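# let me see the structure of the following:
(chains A, B, C and D)
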Amino acid sequence: MVPLHWYLWLGSLVFCIGMFGFLTRRNVIIMFLSIELMLNGVNISLVALSHYMQDLRGQVLTLFVIAVAAAEAAIGLAIVIALFRNKPTTHLDEIKEMKG
Amino acid sequence: MDITIIKPILPEIVMAALACVVLILELFIHKKETIGVFAILAVAAVSYVIPQSFGSAFNGMFISDGYSVFFKFIFFINLILAVLISIRYLKIERSEFGEYYSLMMFATLGMMIMASATDLIVLYLGLELMALSTYILAGFIRHDRRSNEAALKYFFLGAFSSAILLYGITMIYALTGTTNILAIASQLQGKMTTQLILAIVFLVVAFGFKIALAPFHMWTPDVYEGAPTSITAFMSVGPKAAAFAALGRVFTTGLIDFAPDWRGILIALSILTMAVGNILAIQQSNIKRMLAYSSIAHAGYAVIGVIAGGAEGLSAMMNYLFIYAFMNIGAFAVVIMLRVEGVKGEELEHYRGLAKTHPLAAVLMLIFMFSLTGIPPTGGFIGKFYLFKAAVGAGYAWLAVVAVVFSVISAYFYLRVVMYMYMHEPEGEPAALATSTPLGLALLITTIMVIVLGVYPSPFLAFARLAIG
Amino acid sequence: MPGTYLPSNYLPVFIFLVVAIAFGLGALLIGAIFRIRRPYKEKLMPYESGIDPVGEPRVRFSIRFYIIAMLFVVFDVEAIFLYPWAVVFDKIGLYAFVEMVIFIFILLVGYLYAWKKEAFTWE
Amino acid sequence: MQYYLLIPFLPLAAFVINITLGKKIIRKQAHWPSTLAVLGSLVVAVMVLMDVLAGKTLNEDLYTWIISDKFQVSVGFLLDQLTAVMLIVVTSVSFLVHVYSIGYMHDDPGYYRFYAYLSLFTFSMLMLVMANNFLQLYFGWEAVGLCSYLLIGFWYEKKSASDAGKKAFIVNRFGDFGFGLGVIMIFLTFGTLHYIPVFGDAGKFLNESVNILGLEVNLITLIALLLFCGAVGKSAQIPLHVWLPDAMEGPTPVSALIHAATMVTAGVFMVARCNPIFSLSPTAMGVVAVVGGVTALFAATIALVQNDIKRVVAYSTISQLGYMFLACGVGAYAAGIFHLYTHAYFKALLFLCAGSVMHAMGGELDMQKMGGLKKYMPVTYWTMLIASLSISGIPGLAGFFSKDEILFRAYAAGGVGKFAWLLGTVAALLTAFYSFRLIFLTFHGEFRGTEEQRHHLHESPKVMTIPLLILCVGAIASGWVGIPPLLGGGEHFSEFLAPVVGHPHGEATHAEEWMTMGISVAVALAGIIVAVVFYLKNPSIPVNLAKRFQFAYRVLWNKYYVDELYDLIIVRPTLFVAKNIIVGFTDGAIIEGIVNGLPRMVNRIGAQVRKVQNGLLQHYGAIMALGLFLILAILMIKYSG
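As a prediction, the model looks like this:
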């Protein structure tokens, strides 16, 4: 049987990979994916915990996270498209009109 | 099926329903002002059901108590004032769409849920509803690149922070097997573990992001500058207050046993925030950006209330946010007034000699700047006074002294605006003002409230104190 | 019962996965090691059934695709709430039914809005 | 009985109306709101007086601004006998001055501004006298000072006027500084600023002392003297009297209201109000009595030789204020307040008459250029004559009763009181003399002005003379409420005030009372007769005297060179320090370092920190993550170690 810790480590690993990706990649779409990775890292941990504790809350939260993530993706995509129309780039280094 | 169990959440239900109605109305109504008026009426309807709402629902996941109701009133004020200052402004920005108002209502709904949440799941949902709506609102002027950029930055960093929040929630869940904020304390039994450190830190970071505590404030200046000014005003009060509500609830009930730990973190962040906010505000020549840094600094002050804790600290924090709502939106309302066709009106230079060309606008700005500085007899003074008093009462006199020092520094950039208006001669063509009845109404309300709160604060103080119970 | 998921039930699946991945990677690896590389211009051209390619190989998709995709994702994911609901429907009864009707109704409002905004029409 | 709130707030409302609408809308009608408001206040003040007479006093906090443990900032009202008297004085004189100003100021371009300031002043003064705590007293104190400053410099285009305003402001700073310290000391000692607990507890601290620079000073004495500093400044006593004569640059109705009848008496009021504190300290009482007595005499001597009609009255005011302090200093607070009250009427009358004369003379102030005005302006003449008789202390008139009361109480108190009595009696002689010198120079003899002025001479309009007549009634009859038992009266006034200020100490026989009274009447008559001889019968005498005692004359003419002295020892050194040392330092390191260095440092830090905010999203995320890991690391180390 797989100990709970393994799942939790896996979850945190996925979370950290997502975080790392978010901080290092410059392409907005990849950054999207990274955030999804972070959320899924959380989801793995939640489902595992929920199962091990025989408590439904974790799974409920997971469902909500998935739904919110979808909405987030839609909004994020819309924002990127709106930006793209004014400035055709998906490269983040070029998006720094405001600073200081 | 017992309908009465939904009573505590009735205001939220009404708000959600009316927001949907507003969304549909947008499809059929071409005069968008009407929708704005409808949004304000919706607030009236929601306020109407609030008195009957007290109680707890959904197995203790949701509560309507004095604390949440006080915050809800802050959100309503925020919404009403933001709607009032938007109506003319949106026309000037050529972004008159009805979704704007329903999004504001949805964002307010999210805030209400956050304030009432006694379960981390509900808290997360409220936060996301608020955040997703404000992401769109920040980028609402679609043809403006700065607005796009603001939305993009806010969105990515916001999503990042909500992932961090989720991880914090997961840690708490792992430790306690529950997500109920009230049950957390009893489950933890005051035991410190590595996971708990993770949980506390992650929650501080996530809430710190929404409140704009340094160093999690980095998004604030850019987003506030790029977003439509009316939304900047909206964002600088509502979401911030909602995050404060959640912070206060989670940390002073669920994690109260670990107060020394999170208090230490918050003190450090508070000082850093006041420093960054005030010092960088001095550097700004764009008034929106300056107000963004100022709002960062004010978050640093308000967090002192949470640090001080107890009924006195929390009520001081609530009061501060209440007062801040008026003075900050008032200041933004003046900024909006200077935005006319073809002139951004955001630069400090635009305020040169305003007292000569538009004395009334200058006087109003003067009042708000005085209030933000904390000069009596304006509301800002009262807010700061009670915050610092709470800090002294809780044994953090030195922190109050630090905050006072930073307040003095803040006078430099607030009063610089006043100096530009009163000491400098107007240059070139006199600036035009975009006035309108709703904007005038908003200015009237904010000015009166700033003065009344400064001169006769006791009823409001009593209200906050009562709300804490 | 916590912890009763014995990996042994999934062992064949796991072995199959490992073999599949190893085979795919191995084949590519071997090819990369042993093949002879003599590139010239025609050889590097994308293969389009023997016809010279016209224009950039990367085509920008119409923005409509994204909008449809976004709508799909949003409405699709809302369906996940229906599964747990369906599982416990007979236990909760009318209350659950009413709640789900409201939920669907809210989705419907969104759908109506999208429709009226002509998000579904292809210009 | 909340209606008393109308008393201060009606004038406030008038102020708001005039200041907002005055310039554009009300303009020449600006007197309506202000005058009606103060009339309303007067009516309500009379009602309050009735209530107080019926035994109803009141002490309540209307509203509390800030509460912080012991420290409480509140607006509250104390309505007792003392307040009631002050209310009547302030509102009645203020009302008459408002009416008078309709005529006096009617051509002024700043008409609305004038009435706005008058209303603001009335409001501040009423808040001052109605206060039930020291903080409100202090705010009222500063507010009346501000109004006085605004009104002295009302004709700010005139340099002398704006200079006089500044002078009043700066001189008052000295006194107010002491007063402020006194209020702080009270708070530190008693832990509250409300009158009732402070006065109640004053006795407990009788034997406590504080160490100031190695000097043991009795705590109560220190507080009393600090408070008295404020009174010295506001009521223009030696050595801070220099601002009041210069304040005559303001419009004459202002001089009558603020610099004669009301504001300058605030010091006396304050001392009387704080009598439980003062009475505990014989030292402080002695200082008050001596300062009062010396000022009474000192100012009277200066008034002897001045030619400026308003300055004579101004020095007379200083002198009369000295009497009031003298009374307070010997414990006869009721007598002091009694004199404050009668003085308000006859002194306001004197000023308004002087204003009427100036009005007729086209702004001329020099009495040497007047003369013989009696036949041109009979109403002014007769009213002013009665006021002069009153101030000289002719029996039957208001001034007689109050001044006699003071002198008798001083005599009866013994000790310092006897000395003060002597000063007061000599001053009474001088008072009678200079008052009649003024009358004779102005109204009798031949007209000495230009032909043009003569042509222009006229009696003032009704709107100005009617207030004169009303005040004249006050100058005659206001003393009748305090007729001593010796003359068949009931001393109602001091009996009325006794609950607040207590009874005066000291015993004296009837014979002694007759004696002091006789002496004061005699000196008053003597003064008048000398004036008659000097200025009516034989005008060469004063000229010869001035020649013969040239030194003394010049000293008096130059007001004992006090201004010059202050210029030498205070103004010049200050300016020297400011010009040379501070300016020198600005180029140097210290001031540069503090004034410019700090902001520059903040700026430099800001410019560096600003670079962190470079607009790159990833960068922001990285800083967030960095912050997260930093906090995490610190906590981890803390808990693992």
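# please count neighbours and contacts with C-alpha atoms only from this point.
Noted.
# around chain B, pick out the residues from chain A.
Residues of chain A lying close to chain B by Cα under 8 Å from any Cα of the partner chain are A:35, A:38-39, A:42, A:45-46, A:49, A:53, A:55, A:57-58, A:61, A:64, A:68, A:72, A:75-76, A:79-80, A:82-83, A:86-87, A:95-99.
# so for D:R610, what's the nearest residue that isn't a sequence neighbour?
Nearest-residue entry for D:R610: A:G100, 5.1 Å, with adjacent residues in sequence omitted and distances by Cα to Cα, 6 or more residues apart in numbering or on different chains.
# wait, B:M317
Excluding its sequence neighbours, the residue lying closest to B:M317 (Cα to Cα, 6+ apart) is B:G305, at 4.6 Å.
# which residues are in contact with the residue in chain B that chain A sits nearest to?
Closest residue of chain B to chain A, Cα to the nearest Cα: B:N148 (5.2 Å). For B:N148, the contacting residues are A:79, A:82-83, B:138-142, B:226, by Cα atoms under 8 Å, 6 or more residues apart in numbering or on different chains.
# measure it to chain D for me?
For B:N148, the distance to chain D (Cα to the nearest Cα, to the nearest Å) stands at 13 Å.
# give me the pLDDT for the nearest residue to B:Y396 once chain neighbours are set aside.
The spatial neighbour of B:Y396 that comes closest, neighbours along the chain excluded (Cα to Cα, 6+ apart), is B:A308 at 7.4 Å. If you check B:A308, the pLDDT there is 92.
# same thing with the one 10 residues further on?
With respect to pLDDT, B:M318 scores 94.
# element containing it?
B:M318 is part of helix B:310-337 when elements are defined by DSSP states H and E.
# next secondary structure after that helix?
Using DSSP H and E, the helix or strand that follows helix B:310-337 towards the C-terminus is helix B:354-357.
# off-centre distance for that following helix?
Centre-to-centre, helix B:354-357 and its host chain are 30 Å apart (Cα atoms, centre = their mean, to the nearest Å).
# buried sites along it?
By 16 or more other Cα atoms under 10 Å in any protein chain shown, the buried positions in helix B:354-357 come out as B:354-357.
# next one, pLDDT for residue 33 please.
Chain wasn't specified; assuming chain A. pLDDT, A:L33: 91.
# I was thinking of chain D, sorry if that wasn't clear
85.
# can you give me the distance of it to D:L126?
Distance from D:P33 to D:L126, counting by Cα to Cα, to the nearest Å: 17 Å.
# name the SS class of the residue nearest to B:M317, please.
Using DSSP: H, G, I helix; E, B strand; the rest coil, the structure places B:G305 in helix.
# quick one: contacts for it?
B:312-317, B:387, B:390-391.
# ok, now with 6 Å
B:313-314, B:316-317, B:387 (Cα atoms under 6 Å, 6 or more residues apart in numbering or on different chains).
# any idea which of the contacts of B:N148 is closest to chain D?
Closest to chain D out of those is B:G226 (11.7 Å), distances taken as Cα to the nearest Cα.
# quick one: contacts for that closest one?
Contacts of B:G226 were listed using Cα under 6 Å, 6+ apart, and they are B:146-147, B:150.
# so which of the residues you listed are in helices?
Per DSSP state H, helices hold the following members of those: B:146-147, B:150.
# closest one of those to chain D?
So of these, ranked by how close each gets to chain D (Cα to the nearest Cα), first place is B:A150, at 10.2 Å.
# any idea how far the residue lying closest to the closest one once chain neighbours are set aside is from D:G424?
Distances taken as Cα to Cα, 6+ apart put B:V223 closest to B:A150, at 4.3 Å, once the chain neighbours are dropped. Distance, B:V223 to D:G424, using Cα to Cα: 77 Å.
# ditto for B:V335
Applying Cα to Cα to B:V335 and D:G424 gives a distance of 66 Å.
# can you give me the neighbour number for the residue in the stretch 501-641 of chain D that chain A sits nearest to?
Ranked by Cα to the nearest Cα, the top residue of the stretch 501-641 of chain D for proximity to chain A is D:G615, at 4.3 Å. Residue crowding around D:G615 was assessed by other Cα atoms under 10 Å in any protein chain shown; the count is 23.
# same thing with D:E452?
Neighbours of D:E452 (other Cα under 10 Å): 10.
# give me the element it is part of.
Judged by DSSP H and E, D:E452 forms part of helix D:451-456.
# just checking, D:Q613 touches A:E97?
No: the pair D:Q613 / A:E97 is not scored as a contact, 11.7 Å apart, by Cα atoms under 6 Å.
# so those two - more neighbours on which side?
Comparing D:Q613 with A:E97 by other Cα under 10 Å, the one with more neighbours is D:Q613, at 19 against 14.
# tell me the centre residue of chain C?
In chain C, the C-alpha nearest the mean C-alpha coordinate belongs to C:V73, at 9.6 Å (Cα atoms, centre = their mean).
# sweet, I'm off.
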